[in-house]
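Novice: Structure, please.
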Amino acid sequence: MNKRMFLALDISGADKAKIAQWREQYLSLPFRAIDKQNFHVTLAFLGLVNKDQQANLEKLISQQHNLIQQQLTPLVEETKTLSLLLSKVGYFKTAQVLHLMPTVCPDWLIYLNKTMVELSFKCDISIENKGYLPHLSLYRKAKHSLSNTNKTLEKTAFKQPLSITSFSLYHSYSSEIGVRYEPVKTWKINS
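Specialist: Numbers count the residues shown, from 1 in each chain. Predicted structure coming up:
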């Protein structure tokens with residue numbers, strides 16, 4: 001059976017709570033709020049993946065894991081984490097999703113995205129390449145953007161950098177309480 005899957009940066013429980021608190025305080029809207037347990041920053045959306053593709057991808061990422069860590073080592077020497085600042089609110093009109101995004105995408109995130117896409121292709125997982133737009137979704141079924149309130153949002157922007165220590169292969173599935181994301185395999189960023 002095929003599973004809907006994606007690769008994403010893991011967000012710590014403490015950072016998820018900070019984002020949820022900020023959303024409640026400064027961006028409380030009448031749209032469908034995404035459960036804080038589902039907060040993540042997608043590296044690559046894989047779509048439907050069969051069991052063999054999943055096994056091959058897990059194996060390939062695990063084989064490349066040391067090389068990935070070596071590439072990121074200069075950035076995590078002291079703190080053992082990567083820092084990501086999602087200080088801008090964005091809107092995907094077609095998907096009707098309000099999200100947080102970085103003002104500038106850091107090089108390490110572009111590298112991770114590119115690597116995950118390349119490894120996915122090697123496993124015969126075809127990814128629609130529209131250009132990478134890193135984001136953390138806050139609301140679904142958002143009927144409009146926040147262009148009218150952007151000036152207010154600039155003053156109250158989420159300004160706390162997230163500490164990223166790992167990324168995972170996730171399975172996305174529907175449940176009685178909505179969409180859930182379950183990590184299937186996790187890889188640490190630091191050694």
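
Novice: CA atoms for contacts and neighbours, from now on please.
Specialist: OK.

Novice: so where's this protein uncertain?
Specialist: Of all residues in the chain, those with pLDDT under 70 make up the ranges 77-79, 145, 147-155, 191.

Novice: Taking the centroid of it, which residue is nearest it?
Specialist: Among the residues of the chain, the one closest to the centroid is Val41, at 1.1 Å (Cα atoms, centre = their mean).

Novice: can you map out the helices along this structure?
Specialist: Shown for the chain, the helices assigned by DSSP state H span residues 13-26, 51-76, 107-122, 150-155.

Novice: Quick one: closest of those to His171.
Specialist: helix 51-76 (10.3 Å; Cα to Cα).

Novice: for that closest one, packing partners?
Specialist: The contact analysis (3 or more Cα pairs under 8 Å, 6 or more residues apart in numbering; DSSP states H and E) places helix 51-76 against helix 107-122, strand 178-188.

Novice: And it, what's buried?
Specialist: By neighbour count on 16 or more other Cα atoms under 10 Å, the buried set for helix 51-76 is 53-54, 56-58, 60-61, 65, 68-69, 72-73, 75-76.

Novice: Mind listing the residues bridging to the closest residue to Val76 other than its chain neighbours?
Specialist: Of all residues beyond its chain neighbours, the one nearest Val76 is Leu82 (5.9 Å), with distances taken as Cα to Cα, 6 or more residues apart in numbering. Counting by DSSP bridges, Leu82 is bridged to Ile164.

Novice: hang on, Leu82 packs against Ser163?
Specialist: Yes - using Cα atoms under 8 Å as the test, Leu82 is close enough to Ser163 to be in contact (5.7 Å).

Novice: re earlier: now render the buried residues of helix 51-76 as JSON lines, adding distance to Lys141.
Specialist: Converted to JSON lines, the buried residues of helix 51-76 look like this (distance: Cα to Cα, whole Å):
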{"residue": "Gln53", "distance to Lys141": "31"}
{"residue": "Gln54", "distance to Lys141": "30"}
{"residue": "Asn56", "distance to Lys141": "35"}
{"residue": "Leu57", "distance to Lys141": "32"}
{"residue": "Glu58", "distance to Lys141": "32"}
{"residue": "Leu60", "distance to Lys141": "36"}
{"residue": "Ile61", "distance to Lys141": "34"}
{"residue": "His65", "distance to Lys141": "37"}
{"residue": "Ile68", "distance to Lys141": "36"}
{"residue": "Gln69", "distance to Lys141": "37"}
{"residue": "Leu72", "distance to Lys141": "36"}
{"residue": "Thr73", "distance to Lys141": "39"}
{"residue": "Leu75", "distance to Lys141": "37"}
{"residue": "Val76", "distance to Lys141": "37"}
